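Student: sharing a model prediction with you, sequence too.
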Amino acid sequence: MATRKKRNGKSSRPAAKPKRKQAMSPRSKAPDAISLLKSDHREVEGLFSQFESATGSARKRTIVLKICDALTVHTTIEEEIFYPPARATLKRAGEDLLDEAEVEHEGIKWRIQMLKKMKPEEDLYDAEVKVLSEYVRHHVKEEERRLFPRLRLSDFDNDGVGEKLAARKEKLTGKRVKAEPSLFERGLEAIVGPSPGTV
């Protein structure tokens, strides 16, 4: 079918429809807030486990500095970005939990400062790491068993806060924050292996 030309020389064919924007793939968007914070918890738990089996002062010091850095970033993004909207969402129902969380953060930050000044050869070094581990374990338990479930049942903007947490964490660490793969992606990866660029 030939197209007719108008007097100005342009085709009278209807304009093409604009292309739809492609949906962002699940791997390229930020994780939701609770998933990101739980991922931080697992990372720090792994570092504490590494410390428990570590031998040698240099190795212990390296692991402790990683723990301190990870906890510093985690407490910073929680206090700056996560706790304020959590408080606004839960109101009085979350007041005690969030007050306790902030007090626990103060204890964790104080222990981090102590450990940064200490040397692995000092008598109480391992004990200080152990106590920090116990503080963190208690804090994680409170968040994951009490705070996070309440937020999931509320109108808390888990995705929006997750994007802000990821952006701030990337700025503090200089590393990209990846979303957790979806259940479908994990199943596919189990069958065919990881996709190129994810290893």
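Tutor: The structure has been received and is ready for your questions.
Student: pLDDT on whichever helix in the chain runs longest, on average?
Tutor: If you go by DSSP state H, the chain has its longest helix at helix 92-117. Mean pLDDT, helix 92-117: 95.
Student: stretch 139-146 now?
Tutor: 97.
Student: what's the end-to-end length of that stretch?
Tutor: Start-to-end span of stretch 139-146 (CA to CA, to the nearest Å) is 11 Å.
Student: contact partners of that stretch?
Tutor: Residues from elsewhere that reach stretch 139-146 (CB atoms under 8 Å, 6 or more residues apart in numbering): 37-38, 41, 45, 97, 100-101, 104-105, 108. Any C-beta I mention is one placed from the backbone N, CA and C, and that applies to glycine too.
Student: buried ones among those?
Tutor: 37-38, 41, 97, 100-101, 104-105, 108 (16 or more other CB atoms under 10 Å).
Student: circling back to that earlier point, packing partners of the longest helix of the chain?
Tutor: Counting contacts by 3 or more CB pairs under 8 Å, 6 or more residues apart in numbering; DSSP states H and E, helix 92-117 packs against helix 57-77, helix 83-90, helix 125-142, helix 148-152.
Student: please identify the buried residues of stretch 123-132?
Tutor: Here stretch 123-132 shows 125, 128-129, 132 as buried, counting by 16+ other CB under 10 Å.
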